[in-house]
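K.L.:
here is my input; please provide its structure:
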Amino acid sequence: MKRVAAAALALLLSLAALPAHAQVVITFWSHEFGNHFPHAFFTLRGTPEAGGEPVDLNYGFTPKAVTPAILFGPVGGRIDVAKRSYMEGSDAQFSLVLTDAQYASILRLVDEWDDKKGDGTYRMNTRNCVHFAQEAARRAGLVTLDFPDLMKKPRSFLKAVAKANAAQVTLIGRHGKEYLASLDAQSPAPAAGANAAVAAPAAAIEVSAPPPAPVPVG
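P.N.:
Prediction:
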């Protein structure tokens with residue numbers, strides 16, 4: 001009996017010494033009125049299960065320029081990467097852990113909506129930042145995502161998704177500056193928004209003319 005107990009203890013100790021099972025976490029964010037129009041975007045942070053360098057990325061989708069043209073039909077859009085300061089003025093709504101397959105699918109989504117690699121067409125009513133976040137959530141494994149009346153309301157949409165998928169997501173509901181500081185304290189990962197050089201931040205969108213109501217989204 002003692003030998004069995006000793007063997008079991010040794011097994012437990014060896015398992016405890018193994019590194020934690022790493023995965024990438026996707027977090028969905030909203031940005032409300034202020035210096036810029038409402039916006040939805042997501043971050044990818046962690047290390048893939050297959051290994052490799054940690055990632056700390058963020059992506060959104062936005063028109064290349066905010067002009068009255070966005071109210072009347074399709075315009076040019078682009079993948080948007082937010083600066084740290086923009087994220088600090090936003091709100092982290094909820095997160096969930098991705099498998100490597102889901103992570104790869106979301107990276108493909110970014111390429112598919114990129115104006116240089118795929119289709120960057122922006123349509124305010126059917127292909128805006130909320131639709132982009134919706135598709136990312138779908139590829140992350142969430143299924144209750146259809147809220148037609150909220151597709152121009154980033155915060156309301158993400159809150160509805162979190163409520164409808166409560167068993168699958170981790171609710172955050174924290175202001176960006178506070179939430180990012182808590183992540184920094186947990187691990188010395190690359191600064192949030194480390195891919196900011198890939199594309200201009202939301203804060204840098206050129207406003208060619210004051211857009212009439214309704215206010216554009218993302």
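
K.L.:
so the residue minimising distance to the centre of the chain bridges to which residues?
P.N.:
Note on the chain: the residue nearest the mean C-alpha position is Phe42, at 0.9 Å, using Cα atoms, centre = their mean. Applying DSSP bridges to Phe42 yields these beta-bridge partners: Phe28, Tyr59.

K.L.:
pretty sure Asp100 contacts Gly51?
P.N.:
No - applying Cβ atoms under 8 Å, one finds Asp100 not in contact with Gly51, separated by 9.8 Å. Using the backbone N, CA and C atoms, a C-beta is placed for each residue, glycine as well.

K.L.:
hang on, Gln168 is in a helix, isn't it?
P.N.:
No - counting by DSSP: H, G, I helix; E, B strand; the rest coil, Gln168 is not part of a helix but coil.

K.L.:
contact partners for it?
P.N.:
Contacts of Gln168 were listed using Cβ atoms under 8 Å, 6 or more residues apart in numbering, and they are Leu96, Gly141, Leu142.

K.L.:
ok, of these, which one's closest to Ile172?
P.N.:
Checking the contacts of Gln168 against Ile172 with Cβ to Cβ, the nearest one is Leu96 at 10.7 Å.

K.L.:
contact partners for that closest one?
P.N.:
Val25, Ile26, Ala140, Gly141, Leu142, Gln168, Val169, Thr170.

K.L.:
so where does it fall, helix or strand?
P.N.:
strand 91-98 (DSSP states H and E).

K.L.:
so which bits of the helix or strand that that strand is followed by are buried?
P.N.:
Where DSSP H and E defines the elements, the next helix or strand beyond strand 91-98 is helix 100-113. Neighbour-count burial for helix 100-113 flags Gln102, Tyr103, Ser105, Ile106, Leu107, Leu109, Val110, Trp113 (criterion: 16 or more other Cβ atoms under 10 Å).

K.L.:
equivalent analysis for stretch 120-130, please.
P.N.:
By neighbour count on 16+ other Cβ under 10 Å, the buried set for stretch 120-130 is Gly120, Tyr122, Met124, Arg127, Asn128, Cys129, Val130.
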